[in-house]
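Peer 1: Let me see the structure of the following:
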Amino acid sequence: MPRCIPLALSAALLTAGLAAAAQAQGSGSTTLDAARARGQLVCGVAGTVPGFSLPDSQGVMRGLDADGCRAIAAAVFGDANKVKYVNLSTENRFTALQSGEIDVLIRSTTWTLGREANLGGLFGGVNYYDGTGFLVKTAAGVKSAKELDGATICVQPGTSTELAIADYFRNNNMKFTPLLIENRAELESAFLSGRCDTYSTDSSALATFRATQPKKEDFVLLPEIISKEPLSYMVRKGDDKWFDIVRWSYFAQLTAEEEGVTSKNVDEMLGSANPNIKRLLGTEGDMGKALALDNKWAYNIIKQVGNFGEMWDRDIAVLGVPRGINNLWTKGGLQYAPPLR
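Peer 2: Sure thing, here's the model as predicted:
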């Protein structure tokens, strides 16, 4: 006759068996498992845009997008430096994501229905609410985009900017000639040399370009913002757990700013009695386990990268760009994180 197994032992064996099965099956995310196997996050960026992703004098990638990559690495590995940056153009960025060349795309990419429905990707949190603008030379005397009828416009091909310009000029019964140049440096050079009357892209990029010129007063950013350009992180569809990790890594930084948790005081905040902070920093609840991460995932992000406001001050504010609608919702902006509970 079969021997009876005590109920407690049976439960223990079942738990051990389930744990072993879960380990054999991985985290539930093919992207997360692949990243862990290689020991680093592969993050697609532009690599050419001041304030967003551009190597410093030591060759270290700096900027809001680059820091977004670091935040995810901190959550996954506990080490924000475990990132391999892949510089991508506007034309090859989606192919790189679709093919699995990169784990996540953080490259000033606008969230649109067409891209989400047709390109096999999902957009996470919006790290920069932007819009298409126009930069002109002060000497041209142009004060408004309505004065650009017949203008030649420098613009990158394959971007939402290209469509926004076409819509704006059509709606205003105006004509323009596009000068399409893929390489951003060549595009900016064409504008500076006078090959086009105006340079158009996201207003944030125009502001940072103007700020880096020897005489920024020689250029004027026109007042019109002609489109909505919510710049967002993008991952492949079909890997929901990875999508959760990418999205909530960003939301954790917003939550930290809202709760006043910074890279400088995060260790002190470990003793906070605030339940929101306790869940954020992993001293209460199992928020990390829900993401297949360590419960200190958000603590690692904040300690090593900072909250969203710290990233903004380090990467964007220094260029003279006002925070505006990118402020927290509590300060009149659009940045809002769902409850971390």
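
Peer 1: Helix, strand, or coil at residue 299?
Peer 2: helix (DSSP: H, G, I helix; E, B strand; the rest coil).

Peer 1: Excluding residues flanking it in the chain, which one is nearest it?
Peer 2: Nearest non-adjacent residue to residue 299, counting by C-beta to C-beta, 6 or more residues apart in numbering: residue 281, 4.7 Å away. (C-beta placed from N, C-alpha, C; glycine too.)

Peer 1: Would you map the strands across the stretch 201-341 of the chain?
Peer 2: With strands called from DSSP state E, counting those that start in this stretch, the stretch 201-341 of the chain shows them at 219-221, 229-236.

Peer 1: from the ones you listed, which stretch is densest packed?
Peer 2: The highest mean neighbour count among the strands of the stretch 201-341 of the chain, using mean count of other C-beta atoms under 10 Å, belongs to strand 229-236: a mean of 24.

Peer 1: Show me what it is packed against.
Peer 2: helix 93-98, strand 104-110, strand 121-130, helix 160-171, helix 240-259 (3 or more C-beta pairs under 8 Å, 6 or more residues apart in numbering; DSSP states H and E).

Peer 1: Now render the ones you listed as a markdown table, adding mean pLDDT and distance to residue 51.
Peer 2: Below are the helices and strands packed on strand 229-236 laid out as a markdown table (pLDDT from 0 to 100; distance: least, C-beta to C-beta, whole Å):
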| stretch | mean pLDDT | distance to residue 51 |
| --- | --- | --- |
| helix 93-98 | 97 | 18 |
| strand 104-110 | 95 | 10 |
| strand 121-130 | 95 | 9 |
| helix 160-171 | 95 | 17 |
| helix 240-259 | 98 | 17 |
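
Peer 1: Could you say which one of those comes nearest to residue 323?
Peer 2: Closest approach to residue 323 among the helices and strands packed on strand 229-236 (C-beta to C-beta): strand 121-130, 10.2 Å.

Peer 1: and the closest one, C-alpha only, in CSV?
Peer 2: The C-alpha atoms that make up strand 121-130 are tabulated as CSV, following Å, rounded to 0.1, in the frame of the first residue of the first chain:
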residue,chain,number,x,y,z
GLY,A,121,5.3,47.8,-30.1
LEU,A,122,3.8,49.2,-26.9
PHE,A,123,4.5,52.6,-25.4
GLY,A,124,5.2,53.1,-21.7
GLY,A,125,5.3,56.3,-19.7
VAL,A,126,5.8,59.6,-21.4
ASN,A,127,9.1,61.0,-20.3
TYR,A,128,8.7,64.3,-22.2
TYR,A,129,5.5,66.0,-23.4
ASP,A,130,6.7,67.8,-26.5
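
Peer 1: now the stretch 1-150 of the chain, which segments are flagged as low pLDDT?
Peer 2: 1-25 (pLDDT under 70).
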